[in-house]
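**Q** sharing a model prediction with you, sequence too.
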Amino acid sequence: MAKESFDKEIQFLRMLVLTGGAYSRQQFADRLGISIHTFDKTIKRLKEIVGSIYRQLPEDQGKELADMIRYSYLDSTDPMLLFLFRAKSLKETESKRISLLLATLHKKSLTAMELLDACCSAMPSELALPDEKTVRSDLKYLEEVGVIAKEPGPRPYRYRINHDLVRDLSQDELLDLYDFVDVMANTQLPSVQGYLLRDSLKKSLQYSQLEKLPLEPFLYKYHYYSRILDEAHLFVLLDAIRSRRKVQFLYFSPKNPQSYASQNTNPLFEREAEGHQELTLPLKVVYDHQYGRWYLLSHHARHGIRKYRIEGMTQIVEGESVNEAFFESKKLELEHKIQHSWLIDTGHPVTVRVRFFNPVHLRTNFVKERVLLQGQWGLITEEDKESFIYEITVNGTQEIKPWLRSFGSSCEVLEPVRFRQELIAEWKEIQSYYESV
């Protein structure tokens, strides 16, 4: 796939999961800002990817892509949306060429020129033959991602498959490593690379002398699909932060009626995109575990500190770098503004006082344990047998509200009064939903 279609397919899959396949073709096209023809091409491409990745599915499960996500996803502990990452954002010629290179290196170590000859002789006739520069670029890419390695010795360098990790471990050690990666991929962030490593280890175990893999010792199910899809952009942004580079992208806010716009490559069909072109300096990436969302915090030349939902970012391109002194000054400015943020709020600080009620007739005070675990820098200032007072200074009350509300009747907001009245009104509205009919 080309890079642009990778953005499109991320947005396509997100909408497909959130709507459960309930949109019509026209509704999908309108929401994505594409034509019906482009919609049909996209879903055909996704079906091809699913078919190549999930060949092991029984015949009766080879249904429409929408049905597959609607019914099969929730029945599986494996995050199905990973098939987009497994497919990689490569064009067909790149995918075929790299596959040939790896298949050839599986047999023995070879030089770049030997690999060029092998690649040219095995390349399908309908595809263009690669030149030396292209093959060396592919080898450099595979070496950077750790798939191959140079053998020690004089020029010309010989390349080999880098499978030292799997080759040097015993079967018991591989099983222990697989279990560890499985736990970390399902509980830590980011996780996509961990899932891909877990799949590679599973294949290695299946290729070994083991007759049958033991049952999975751990079963996980993470319900925030956007988190997995947004990781496609995560490492690009982290690399921009490390290299102090600006990024340019087309941004669609959550309130925007569209979530994608194709690049205007044909002047006959050129139209204005619904998104906003942004040029900004990334400073920090923040994950909201409560809603499964990634945020980019950055410095904008005109507007200062800006916040973006990563799910709305498309067509990301790295730009020029800035000097270290400027970058550090903006990073310090950001840290100062969010030092009292429950998550990323940069509003005015306000002190929140809350009374938490201890559970009655229970040996474990799970309310206090949760407050101490999740309450960040807040402190318990007063305490008796029935309740305790918790205080925290935060930038605004919007972000802390869902956390306080999740305690239900075990929590009473005391200050500020405006925030208390706001919660009272919300609880009254909820109560009205349950009045007798």
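**A** Arrived safely.

**Q** low-confidence ranges, the stretch 151-300 of the chain, go.
**A** 208-218, 221-223, 225, 259, 261-274 (pLDDT under 70).

**Q** which is the succeeding secondary structure element to the strand ranked longest in the chain?
**A** When the chain is parsed with DSSP state E, its longest strand is strand 276-288. Downstream of strand 276-288, the next assigned helix or strand under DSSP states H and E is strand 293-300.

**Q** show me where the stretch 151-300 of the chain has strands.
**A** Listed in chain order, the strands of the stretch 151-300 of the chain (DSSP state E, counting those that start in this stretch) span 158-161, 245-251, 276-288, 293-300.

**Q** quick one, the last one and strand 276-288 angle?
**A** Between the direction of strand 293-300 and that of strand 276-288, the angle (axes from the mean of the first three to the mean of the last three CA atoms, to 10 degrees) works out to 130 degrees.

**Q** who are the packing partners of strand 293-300?
**A** helix 225-242, strand 276-288, strand 304-309, helix 324-337 (3 or more CB pairs under 8 Å, 6 or more residues apart in numbering; DSSP states H and E). C-beta coordinates here come from the backbone N, C-alpha and C atoms, glycine included.

**Q** hmm, who's touching that strand?
**A** Under the contact criterion CB atoms under 8 Å, 6 or more residues apart in numbering, strand 293-300 has outside partners 224, 226-227, 230-231, 234, 237, 247, 278-288, 305-311, 313, 330, 333-334, 338, 343-344.

**Q** and it, what's buried?
**A** R293, W294, Y295, L296, L297, S298, H299 (16 or more other CB atoms under 10 Å).

**Q** adjacent strands (with direction) for that strand?
**A** strand 276-288 (antiparallel), strand 304-309 (antiparallel) (DSSP bridges).

**Q** how deep is V236 tucked in, by neighbour count?
**A** 15 (other CB atoms under 10 Å).

**Q** again but with E391, I slipped
**A** 16.

**Q** ok, it - contacts?
**A** So E391 contacts T351, V352, R353, V354, G378, L379, T381 (CB under 8 Å, 6+ apart).

**Q** tell me how many other residues surround the last one.
**A** Right, the one you point to is T381. 10.

**Q** ok now the strand or helix carrying it, how far from the chain's centre?
**A** Here T381 sits within strand 379-383, counting by DSSP H and E. Mean C-alpha position of strand 379-383 versus that of the full chain (CA atoms, centre = their mean, to the nearest Å) differs by 38 Å.

**Q** so what are the domain limits for this structure?
**A** Following automatic domain parsing, the chain resolves into domains at 3-77, 92-162, 166-207, 225-262+270-337, 349-433.

**Q** out of those domains, which is closest to F85?
**A** Closest of the domains of the chain to F85 is domain 166-207, at 5.5 Å (criterion: CB to CB).

**Q** now render the helices and strands packed on strand 293-300 as JSON lines, adding distance to E422.
**A** Output for these, formatted as JSON lines (distance: least, CB to CB, whole Å):
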{"stretch": "helix 225-242", "distance to E422": "28"}
{"stretch": "strand 276-288", "distance to E422": "21"}
{"stretch": "strand 304-309", "distance to E422": "23"}
{"stretch": "helix 324-337", "distance to E422": "24"}
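
**Q** of all those, which one comes closest to L127?
**A** helix 225-242 (26.2 Å).

**Q** just the helices in the stretch 1-150 of the chain please.
**A** Remark: helices assigned in the stretch 1-150 of the chain by DSSP state H, counting those that start in this stretch are 3-19, 25-32, 36-53, 65-67, 83-87, 92-105, 112-122, 132-144.

**Q** give me whichever of these is most buried.
**A** Most buried of those, by mean neighbour count (mean count of other CB atoms under 10 Å): helix 3-19, with a mean of 20.

**Q** okay, the angle between it and strand 245-251?
**A** 50 degrees.

**Q** what's helix 3-19 packed up against?
**A** Using 3+ CB pairs under 8 Å, 6+ apart, helix 3-19 sits against helix 25-32, helix 36-53, helix 83-87, helix 225-242, strand 313-321.

**Q** sorry, back to before: as CSV, the helices of the stretch 1-150 of the chain with mean pLDDT and distance to S406 would be great.
**A** Below are the helices of the stretch 1-150 of the chain laid out as CSV (pLDDT from 0 to 100; distance: least, CB to CB, whole Å):
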stretch, mean pLDDT, distance to S406
helix 3-19, 72, 22
helix 25-32, 83, 31
helix 36-53, 76, 36
helix 65-67, 59, 33
helix 83-87, 70, 32
helix 92-105, 78, 46
helix 112-122, 88, 57
helix 132-144, 87, 44
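
**Q** now those helices in TSV, with distance to S409?
**A** Output for the helices of the stretch 1-150 of the chain, formatted as TSV (distance: least, CB to CB, whole Å):
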stretch	distance to S409
helix 3-19	31
helix 25-32	40
helix 36-53	46
helix 65-67	41
helix 83-87	43
helix 92-105	57
helix 112-122	68
helix 132-144	55
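
**Q** looking at the ones you listed, which is closest to E415?
**A** Of all the helices of the stretch 1-150 of the chain, helix 3-19 comes closest under CB to CB, at 37.5 Å.

**Q** and the angle for the closest one with helix 25-32?
**A** Using the same axes, to 10 degrees: helix 3-19 against helix 25-32 is 120 degrees.

**Q** can you give me the angle helix 3-19 makes with helix 225-242?
**A** Using the same axes, to 10 degrees: helix 3-19 against helix 225-242 is 140 degrees.

**Q** so that it lines up with my notes, have the first residue be 615 from now on.
**A** All set: I'll call the first residue 615, so the last point we hit is now helix 617-633.

**Q** now helix 617-633, how far from the centre of its chain.
**A** 12 Å.

**Q** re earlier: nearest to Y792, out of the helices of the stretch 615-764 of the chain?
**A** The nearest among these, by CB to CB, is helix 697-701 at 17.8 Å.

**Q** rewinding a little: among the contacts of strand 907-914, name the buried ones.
**A** Here, 16+ other CB under 10 Å leaves 840-841, 844-845, 848, 851, 861, 892, 894-899, 901-902, 919-920, 922-925, 927, 944, 948, 952, 957-958 buried among those.

**Q** next, the contact list for F626, please.
**A** F642, L646, T656, I657, L660, Y874.

**Q** a markdown table for those residues, including distance to E758?
**A** Below are the contacts of F626 laid out as a markdown table (distance: CB to CB, whole Å):
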| residue | distance to E758 |
| --- | --- |
| F642 | 37 |
| L646 | 33 |
| T656 | 30 |
| I657 | 33 |
| L660 | 28 |
| Y874 | 29 |
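
**Q** much appreciated, bye for now.
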